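Undergrad: pasting the sequence and the predicted coordinates here, then a few questions.
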Amino acid sequence: MSAGITLRTAAPADAEVLAGIYRPYVEETAISFEYTAPTAEEFRARMARTLERYPYIVAEEAGRILGYAYAGAFIARPAYGWSAETTIYLRREARRRGAGRRLYAALEGALEAMGVRNLYACIGCPRGAEDEYLTRNSAEFHAHLGYRLVGEFRGCGYKFGRWYDMVWMEKLIGTAGGEPRPVRPFPQVRPELVPALLES
């Protein structure tokens, strides 16, 4: 259940907590293909770059951050401007409580309001059987939210002495055709959008 969970836009002051949530994914899993967890300072810089154009949302319960989701450029070329890559990380104890669904719903609503049409998720997957570092839970979570598999890269990631696959999943939130309106940066839509998305 997601009762008692609230959402808000991330702030620079959240960087240390968010970096702490992310760190186990880097150090203990192959969910992230990074080898070294970023410092709070580096994480804050990443957040600032994201928030210049894209939404970055945290879920809280009783003032404690449970997780976060954000979007970024799919590919940094103008023709891909109506597509975005989505990312989500939760505290382990916060999984299966509705926070992930709430975060992604708000993220999707913000991106749709901006004018984004296509969402993409880049997800690590085990080669064959699941192991102690990586399962198919993330791919299954995205599929449950309407993402579909559109590509698979075999043995492209090496971590913990093992090779892992990576899949791309896609969700369409707009229709292609005609001359698109320019995508509005998140700071432009935030004043009109955020209360409805995050306080529901």
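TA: Received the coordinates, thanks.

Undergrad: next, Ser32: secondary structure please.
TA: Following DSSP: H, G, I helix; E, B strand; the rest coil, Ser32 is assigned to coil.

Undergrad: let's have the chain start at 37 instead
TA: Okay, residue one is now 37; in that scheme the one you just asked about reads as Ser68.

Undergrad: that one touches Arg59, doesn't it?
TA: No: with contacts counted by CB atoms under 8 Å, Ser68 stays clear of Arg59, the gap being 9.5 Å. In this view, the C-beta of every residue, glycine as well, is placed from N, C-alpha and C.

Undergrad: which residues touch stretch 209-220?
TA: Stretch 209-220 is contacted from outside by Gly117, Trp118, Glu144, Leu147, Glu148, Ala149, Met150, Gly151, Val152, Arg153, Asn154, Leu155, using CB atoms under 8 Å, 6 or more residues apart in numbering.

Undergrad: burial count for Ile93?
TA: Using other CB atoms under 10 Å, the number of residues around Ile93 comes to 24.

Undergrad: which residues in the chain form strands?
TA: Remark: strands assigned in the chain by DSSP state E are 41-45, 92-97, 100-109, 119-126, 154-161, 184-195, 198-208.

Undergrad: longest helix in this structure, please.
TA: Scanning the chain for the helix with the most residues, using DSSP state H, yields helix 135-150.

Undergrad: buried stuff in that helix?
TA: 135-136, 138-147, 149-150 (16 or more other CB atoms under 10 Å).

Undergrad: among those residues, which two are most distant?
TA: Comparing every pair within those by CB to CB identifies Ala135 and Met150 as the most remote, at 22.7 Å.

Undergrad: picking that back up, for the contacts of stretch 209-220, which one is nearest Arg127?
TA: Arg127 lies nearest to Glu144 out of these, by CB to CB, at 21.5 Å.

Undergrad: for that closest one, what are its contacts?
TA: Listed by CB under 8 Å, 6+ apart, the contact set of Glu144 reads Leu155, Lys207, Ile209.

Undergrad: who's in contact with Gly182?
TA: Going by CB under 8 Å, 6+ apart, the list of residues near Gly182 reads Lys207.
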